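> Task: produce atomic coordinates for the following.
(chains A and B)
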Amino acid sequence: MKKKVIALMLAAAMVVGVTACGGGSDTTTPATESGDAASETTEGGEAPADDVAADSAASGSGKVLSVQIGPNPETIDPALNSAVDGGNMILHTFECLLTVDQEGKLAPGQAETWETSEDGLTWTFHLRDGLKWSDGSALTANDFVYSWRRVCDPMVAAPYAETVLGMVEGYADAIGGNLEALGVEAPDDKTLVVHLSQPCSYFGSLAAFATLSPVQQATIDANGDGWAVNADTYITNGCFYISEWVPGSYIMCTKNPNYWNADAIKLDAIKFNLIEDPNASYSAYQTGEVLFIKDVPTEEIPSLEGNEEFYVDPIIGTYYLSLNTEREPFNDPKVRKALSLAIDREYVANTLMQGTYSPASNFMGPGWIDTDGSQFIDNANGGKPYIDTANHEANVEEAKQLLADAGYPDGAGFPAITYSTNDAGYHKVVAEYLQQAWAEIGVELQVDIVEWASFTPMRRNGDYDASRNGWVGDYSDPSNMLDLLYSSNGNNDGKFNNAEYDAAMETSRTTLDAAERSAALHQAEDILMNEAACVPVAYYNDFWLQSSKIQNMWHSAYGYWYFMYADIAE
Amino acid sequence: MFKYIVKRILLAIVTIWAVATLTFFLMNLVPGGPFLSEKAISPQAQAALEAKYGLDKPMSERYLNYMTGALHGDFGDSLKQRGRTVMSIISMKFPVSARVGGISVLVALILGIPLGSVAALKRGKPADSIISVIATCGIAVPSFVICTVLMYFVGVKLGLLPTMGLESAKHYVMPVIALSFYPTAYIMRLMRSSMLDVLGQDYMRTARAKGLAGGKILFKHALRNAILPVVTYVGPMLAYTITGSFVVEKIFVIPGLGGEFIKAINGRDYTLIMGTTIFLATLVIVMNVVVDIVYKLVDPRIKLK
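Model (predicted):
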């Protein structure tokens, strides 16, 4: 009898024990409970001089803007990040030498002024007076030297190292481990000099690129890679510092009183809600728990049209198809062009993609900046679109003619081909549409849906016929996207190999003459479109929901939202 | 009994080793890798990353390194969430899932056992029909439907409960309902059928014949015998529930462990796949041993060998 009582008690204890174990673990998971959050706040609040503001913000009082711009970021270490959502958080916590203003133009950041030598090889940046880190210590030009060398460090393995520093003198040595070889020096605390091995007219854009944010050596030496995962050790130099990070839940960014322009910041804090599911975001928006969401469920879009809180704004980037030019029949430009012309881009962008994309007539869409500061697209192809997207029927006729010229009249004898894509967003819908559109010119298409992590290496290895592809620009210089089709580029998934194209890109890299550079870039796009090196389908837009209470914020063509100078209307 | 436990623990170690080994080689067979993204990183950066995490070494060496580390309690760094170790991710996220999951299991037991018993005792009566309908619904309706319906009506339309996070007791209500719906229904059905079985036994008739009070018959003779299948079910179910549900966590924005399983696999975060798999396997095995012991204590007829 006693045994049985014990048995039942044990059974109950088993369940209660586990629950209690969950409940009792508050101490091991700081910041998930409000009690611990408070202690975290005081710690974070001690660092900056302005204790009162910091405390009130992190405890939820004061002006806190609650937004959703993506799920838990994989990393917010500026050197390691390569994602847009991580970039958005870095944008609010760090400041580079230069920044991009509301008009998309370069503006002073940590550097007040900067100049370029006549040969374009030396860039000198003059820092502002009295710059400080969020912990109150002084920030000098040497911090930039340290940070930029760190980007090259093979032990750090920064994904964007080559993109942002590849043109700096000594880069090849630095990436091999000899960090001192990098051509960056600080003659005094307020001056940073960069020596380039080849001219780079857009180096100013790179100086505003998040990867080149300054990071504090002291905290990295003390905490290693882990410096960027804890609020306490994440020392910043931008508008905000992180006062609390509950992974998978939220990141609380509190106003940094040590920021040089802190007086212009009206918010006390920004709460980045790390919501992954668009439906969850949408619910939170509807209940008013967040005032801004980036992830809007696509099935809600028809009901949001005409809603003044729903925004659609272009970003620099193109949704395109890669055709494997090493395989028959895609080695024939006529075939590639026929497949390209058979697509009704207006239908795809406006109907299938519900207007969240725009039809692409060129490879380089709106937002890319030409060497004279004008829109690259306005000067492309003599100001005319390469593909007349409004005239689909004529395009189909031309496609049929091209296919016949290539030796496949009405698609006769055309081999069965496969289109590979991962399943996300509108990819599957587009794949189904392609089946239908290409059937019209007599081409039979099979669709192969591939899981994301397998899809990327497959495409990169050229192990496909046709596949979905896309690119969103890192900076607005057209070379950022035109380089994709350069024969040896790591992202040249279609394996396009054209000597003329490569020569044009080479010229654009080496010339110092703005007009010559512009001509070379346009020549490259001419070749690309004429040869149908890839098939642009639509330009990317960002679309989001934003409460009318938020004032004075803006969205950039790089896909970033600038909340730092925003305000909330009462 | 002691001998039995020692044997089970030894067997458990072998099982966990087998699970770890299989997972290690299977995950490496799948194409893809942790450092791939839409934009290709430079070959140097790729090589540097692989060297940093030892992915450039031959498979056998990587396996040995991993196992040696794991034996010393070092489960390595996450390959995707750089700067976090696998242990730090599990120890940060498991308590959150365990709290929500544990409460859900308690709710399931508290509701499931009495309701299932009532259904058996009132067999064929309206109460039985109502409970059976609820139980069928609970088993047939997937949790994401329950989540979405709750979220839409209770969270958004009526605004009664907060839709995301776990900041107060109120925040727990919807996730717990969503998580406990299925086990409650399952326990109700299990309890009902085993109770019916027990009620038909000879010793029950004897108990009634000798004039024992209804309550005593029910609690002493019927319930204790009828609860055995529930005990069997609760062990593994507890292990799965407290490690979190991907769907429920995603919808209610709960920073739990459930999502990590899926994200680790999708992102080919090899060390995290290993860590979470070994953790779950250990938990399931421990629960099974506990169930066996509880079983023996509840029903002395069972011999543990």
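
> CA only for contacts and neighbour counts going forward, please
Will do.

> quick one: what helix or strand has the residue nearest to the spatial centre of chain B in it?
Relative to the mean C-alpha position of chain B, the nearest C-alpha, by C-alpha atoms, centre = their mean, is the one of B:Y240, at 1.0 Å. In the assignment (DSSP states H and E), B:Y240 maps to helix B:228-242.

> residues from the stretch 401-550 of chain A in reach of chain B?
Those residues of the stretch 401-550 of chain A that sit near chain B, judged by C-alpha under 8 Å from any C-alpha of the partner chain, are A:W452, A:A453, A:S454, A:F455, A:T456, A:P457, A:G470, A:W471, A:G490, A:N491.

> Could you look up the SS state of the third one?
Three states are possible here, and by DSSP: H, G, I helix; E, B strand; the rest coil the one that applies to A:S454 is helix.

> For burial, what's the neighbour tally of it?
The local packing count at A:S454 equals 18, with neighbours defined by other C-alpha atoms under 10 Å in any protein chain shown.

> hang on, isn't it packed against B:F35?
No: in this structure, A:S454 is not within contact of B:F35 by C-alpha atoms under 8 Å, at 11.9 Å.

> Give the next helix or strand downstream of whatever helix or strand A:N530 lives in.
Under the criterion DSSP H and E, the helix or strand holding A:N530 is helix A:514-531. Toward the C-terminal end, the helix or strand that comes next after helix A:514-531 (DSSP H and E) is strand A:535-546.

> Within the sheet, what are the partner strands of that following strand, with directions?
strand A:292-293 (antiparallel), strand A:310-323 (antiparallel), strand A:357-359 (antiparallel) (DSSP bridges).

> Next, the angle helix A:514-531 makes with it.
Computed with axes from the mean of the first three to the mean of the last three C-alpha atoms, to 10 degrees, the direction of strand A:535-546 lies at 110 degrees from that of helix A:514-531.

> Now strand A:535-546 - C-alpha only, PDB.
Below are the C-alpha coordinates for strand A:535-546, written out as PDB (Å, rounded to 0.1, in the frame of the first residue of the first chain):
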ATOM      1  CA  VAL A 535      16.500  36.900 -67.900                       C
ATOM      2  CA  PRO A 536      15.400  39.900 -65.800                       C
ATOM      3  CA  VAL A 537      11.800  39.500 -64.700                       C
ATOM      4  CA  ALA A 538      10.900  42.000 -62.100                       C
ATOM      5  CA  TYR A 539      12.400  44.700 -59.800                       C
ATOM      6  CA  TYR A 540      12.200  44.200 -56.100                       C
ATOM      7  CA  ASN A 541      10.200  46.500 -53.900                       C
ATOM      8  CA  ASP A 542       9.900  46.600 -50.200                       C
ATOM      9  CA  PHE A 543       6.300  46.600 -48.900                       C
ATOM     10  CA  TRP A 544       5.300  47.200 -45.300                       C
ATOM     11  CA  LEU A 545       2.700  48.400 -42.900                       C
ATOM     12  CA  GLN A 546       3.400  51.600 -41.000                       C
END
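
> The helix holding A:N530 packs against which elements?
When contacts are defined as 3 or more C-alpha pairs under 8 Å, 6 or more residues apart in numbering or on different chains; DSSP states H and E, helix A:514-531 sits against helix A:333-341, helix A:479-482, helix A:499-510.

> Go ahead and flag the most central residue of chain A.
With C-alpha atoms, centre = their mean applied to chain A, the nearest residue to centre is A:V84, 3.3 Å.

> Can you tell me the SS state at A:Y565?
With three-state DSSP as the basis, A:Y565 sits in coil.

> Quick one: residues contacting it.
For A:Y565, the contacting residues are A:A264, A:I265, A:K266, A:L267, A:N552, A:M553, taking C-alpha atoms under 8 Å, 6 or more residues apart in numbering or on different chains as the criterion.

> Could you dump those residues into CSV with secondary structure added?
Putting these into CSV (three-state DSSP) gives the following:
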residue, secondary structure
A:A264, helix
A:I265, coil
A:K266, coil
A:L267, coil
A:N552, coil
A:M553, coil
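
> Using JSON lines, please lay out those together with distance to B:S104.
JSON lines is the format used below for those (distance: C-alpha to C-alpha, whole Å):
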{"residue": "A:A264", "distance to B:S104": "48"}
{"residue": "A:I265", "distance to B:S104": "44"}
{"residue": "A:K266", "distance to B:S104": "43"}
{"residue": "A:L267", "distance to B:S104": "39"}
{"residue": "A:N552", "distance to B:S104": "45"}
{"residue": "A:M553", "distance to B:S104": "42"}
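
> Are any of the residues you listed buried, and if so which?
Among those, the ones that count as buried by 16 or more other C-alpha atoms under 10 Å in any protein chain shown are A:I265, A:L267.

> residues making contact with the helix or strand of chain B with the lowest mean pLDDT?
Within chain B, no helix or strand scores below helix B:214-216, which has a mean of 79 by mean pLDDT, DSSP states H and E. Counting by C-alpha under 8 Å, 6+ apart, helix B:214-216 makes contact with B:R208, all of which sit outside it.

> again with stretch A:439-455
Outside stretch A:439-455, the residues within contact range by C-alpha under 8 Å, 6+ apart are A:342, A:396, A:399-400, A:410-412, A:414-423, A:428, A:431-432, A:434-435, A:438, B:30-33, B:36, B:266-268.

> And that stretch, end to end?
End-to-end span of stretch A:439-455 (C-alpha to C-alpha, to the nearest Å): 25 Å.

> related to what we said a few turns ago, what subset of the contacts of stretch A:439-455 is buried?
Under a neighbour-count criterion of 16+ other C-alpha under 10 Å, the subset of the contacts of stretch A:439-455 counted as buried comprises A:342, A:396, A:399-400, A:410-411, A:414, A:417-422, A:428, A:431, A:434-435, A:438, B:32-33, B:36, B:266-268.

> one step back: what's near enough to touch the residue nearest to the centre of chain B?
By C-alpha under 8 Å, 6+ apart, the contact list for B:Y240 reads B:L280, B:V284.

> A:V67 should be in a helix, yeah?
No: A:V67 is assigned strand when assessed by three-state DSSP, not a helix.

> Count the neighbours of it for me.
The number of residues packed near A:V67 is 24, by other C-alpha under 10 Å.

> The closest residue to it other than its chain neighbours and A:F272, how far apart?
Nearest in space to A:V67, with sequence neighbours left out and distances taken as C-alpha to C-alpha, 6 or more residues apart in numbering or on different chains, is A:F292 at 4.7 Å. When distance is defined by C-alpha to C-alpha, A:F292 is 10 Å away from A:F272.

> joint contacts of those two?
A:S66, A:V67, A:Q68, A:I69.

> list the contacts for B:L160?
Contacts for B:L160 (C-alpha under 8 Å, 6+ apart) come out as B:V154.

> Which element is encountered next along the chain beyond the least confident helix or strand of chain B?
Moving on from helix B:214-216 towards the C-terminus, the next helix or strand you reach (DSSP H and E) is helix B:224-226.

> just how off-centre is that following helix within its chain?
Average the C-alpha atoms of helix B:224-226, do the same for its chain, and the two points are 24 Å apart (C-alpha atoms, centre = their mean, to the nearest Å).

> ok, now how distant is the closest residue to chain B within the stretch 301-450 of chain A from A:M155?
When you check the stretch 301-450 of chain A against chain B by C-alpha to the nearest C-alpha, the closest residue turns out to be A:V450, at 11.0 Å. Using C-alpha to C-alpha, A:V450 is found at 32 Å from A:M155.

> Next: B:M87.
Taking C-alpha to C-alpha as the measure, B:M87 falls 22 Å from A:M155.

> quick one, which of those two is more surrounded?
A side-by-side neighbour count of B:M87 and A:M155, using other C-alpha under 10 Å, places B:M87 first with 19 against 16.

> Spit out the contact partners of that one.
Contacts here follow C-alpha under 8 Å, 6+ apart; on that basis B:M87 touches B:D74, B:F75, B:G76, B:G275.
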